[in-house]
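Undergrad: mind looking at a prediction? Sequence and model below.
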Amino acid sequence: MDDQEFTEWAAGCQRSLLRSAYLLTGDLHRAQDLVQEALVKVALRWPKLRDGNPTAYARRIVVHDNVTWWRRRRETTGAVPDDSAHEEVSSDPVTGLVIRRALMRLTPAQRAVLVLRHLDDLSERETAEILGVSVGTVKSQNAAALARLRTGAPELLDLTGGPHE
């Protein structure tokens, strides 16, 4: 394995992966664990992944490991987010808090779609590939999540001028 190449890749994507994981989980420590697990799994497959898209593979691991953990624990989606790490979401602590709380009101599938599509700026196709679902499912989850935010998190709309579809 080319340790230097992997180290550079990991350093370049770690913060973005952590932000995504944090927004998915609402828990900084769980997010750090997910990212660490994903980086280890990428490292183990680095020779095969380095010429492809290792970041997409790492995102897929983060999302899937989070869903697996969530299903095992049967946690409710209304969990209160850890408010100690606002800088992972936004440089403005109020905005970060509003975004995290709004995302925690969504189902895990809706939250995953919104994080990947709108915060990580992935296409519908890329999001579908990472989640292992159809593009149609991404579209319907996205629409349902945005509708839920419009009615259940009006403070988010006040901050952003409204989520864009």
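TA: Perfect, I can see it now. Residues are numbered from 1 along each chain as shown.

Undergrad: work out the gap between the lengthiest helix in the chain and the centre of the chain.
TA: Among all segments of the chain classified by DSSP state H, the helix with the greatest residue count is helix 3-25. Taking the mean C-alpha point of helix 3-25 and that of its whole chain, the gap between them comes to 12 Å (CA atoms, centre = their mean, to the nearest Å).

Undergrad: any idea how far Gln14 lies from Val42?
TA: As defined by CB to CB, to the nearest Å, Gln14 lies at a distance of 11 Å from Val42. All C-beta atoms are positioned from the backbone trio N, CA, C, and that covers glycine.

Undergrad: ugh, wrong one, I meant Leu23
TA: Remark: distance between Leu23 and Val42 (CB to CB) = 20 Å.

Undergrad: ok, back up a step: same for the longest helix of the chain, what does it pack against?
TA: Contact analysis of helix 3-25 by 3 or more CB pairs under 8 Å, 6 or more residues apart in numbering; DSSP states H and E lists helix 28-44, helix 54-73, helix 93-104, helix 108-114 as its packing neighbours.

Undergrad: and these: which comes nearest Leu18?
TA: Each of the helices and strands packed on helix 3-25 was scored for nearness to Leu18 using CB to CB, and the closest is helix 28-44 (5.0 Å).

Undergrad: what's the first helix or strand after that closest one?
TA: Scanning forward in sequence from helix 28-44 by DSSP states H and E, the next helix or strand is helix 46-49.

Undergrad: list the buried residues for that following helix?
TA: Counting neighbours by 16 or more other CB atoms under 10 Å, one finds that the buried residues in helix 46-49 are Trp46, Leu49.

Undergrad: now that helix: how far from the chain's centre is it?
TA: Its chain's C-alpha centre lies 23 Å from the corresponding centre of helix 46-49 when counted by CA atoms, centre = their mean.

Undergrad: burial measure for Gln110, as a count.
TA: Using other CB atoms under 10 Å as the criterion, Gln110 is surrounded by 22 other residues.

Undergrad: quick check, central residue of the chain?
TA: In the chain, the centroid-proximal residue (CA atoms, centre = their mean) is Ser20; its distance is 3.2 Å.

Undergrad: quick one: secondary structure of Asp121?
TA: Secondary structure, DSSP: H, G, I helix; E, B strand; the rest coil: Asp121 is coil.
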